[in-house]
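1. With the input below, show me the fold.
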Amino acid sequence: MLKRLIALLCCCVLFATLAFAQIADTATVVSIDKLASDAKHPEKGDQYKIAMRIGNTVYMCHGSGPASAFLDWSPGKQLPTKVSEKMLEVTGPNGVVVDLNVTGKKTAK
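-> I've put the predicted structure just below:
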């Protein structure tokens with residue numbers, strides 16, 4: 001009986017941990033800038049420098065993708081976001097999921 005109770009408790013803890021890991025935060029766009037492309041680096045034509053705020057933390061990020069993915073992004077816009085250590089997975093207003101590489105973060109004092 002004790003073994004079953006311990007197994008049930010472990011399963012509940014595992015389920016709660018997995019459920020908590022899937023919770024998405026809401027991030028607010030602080031700034032978004034399109035990086036300029038030039039003749040030497042045409043691959044930068046679809047790259048963006050983006051700052052996102054979640055709570056008291058501002059994440060500095062780089063992302064790339066077609067302009068249509070970032071069309072409705074503007075400062076103050078709130079977007080559903082999943083946070084990992086070096087990546088933000090942001091769902092845009094048009095439903096496109098964009099992965100942003102975190103290059104730095106600042107916490108308000």
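2. The residue nearest the centre of the chain bridge partners, please.
-> The residue lying closest to the centre of the chain (CA atoms, centre = their mean) is Leu88, at 2.1 Å. Taking DSSP bridges as the rule, Leu88 bridges to Val83, Leu100.
3. Same check on Met52?
-> Under DSSP bridges, the beta-bridge partners of Met52 are Val29, Tyr59.
4. need the contact list for it.
-> Met52 makes contacts with 27-30, 58-59, 61, 79, 81, 88, 90, 100, as judged by CB atoms under 8 Å, 6 or more residues apart in numbering. Where C-beta positions appear, they are placed from N, C-alpha and C, glycine not excepted.
5. Buried among those residues? Need that as a selection in PyMOL.
-> Provided next is the PyMOL selection string for whichever of the contacts of Met52 are buried by 16 or more other CB atoms under 10 Å:
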select buried, resi 27+28+29+58+59+61+79+81+88+90+100
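6. in this structure, which spans are strands?
-> Remark: strands assigned in the chain by DSSP state E are 25-34, 47-54, 57-64, 78-83, 87-91, 97-107.
7. Quick check: pLDDT value at Lys3.
-> pLDDT for Lys3: 84.
8. make that Lys34, sorry
-> With respect to pLDDT, Lys34 has a value of 89.
9. what about it, distance to Leu100?
-> Lys34 sits 14 Å away from Leu100 when distances are taken as CB to CB, to the nearest Å.
10. swap in Phe70?
-> Counting by CB to CB - Phe70 and Leu100 are separated by 11 Å.
11. Between those two, which contacts overlap?
-> Contacts common to Phe70 and Leu100, judged by CB under 8 Å, 6+ apart, are Gly63.
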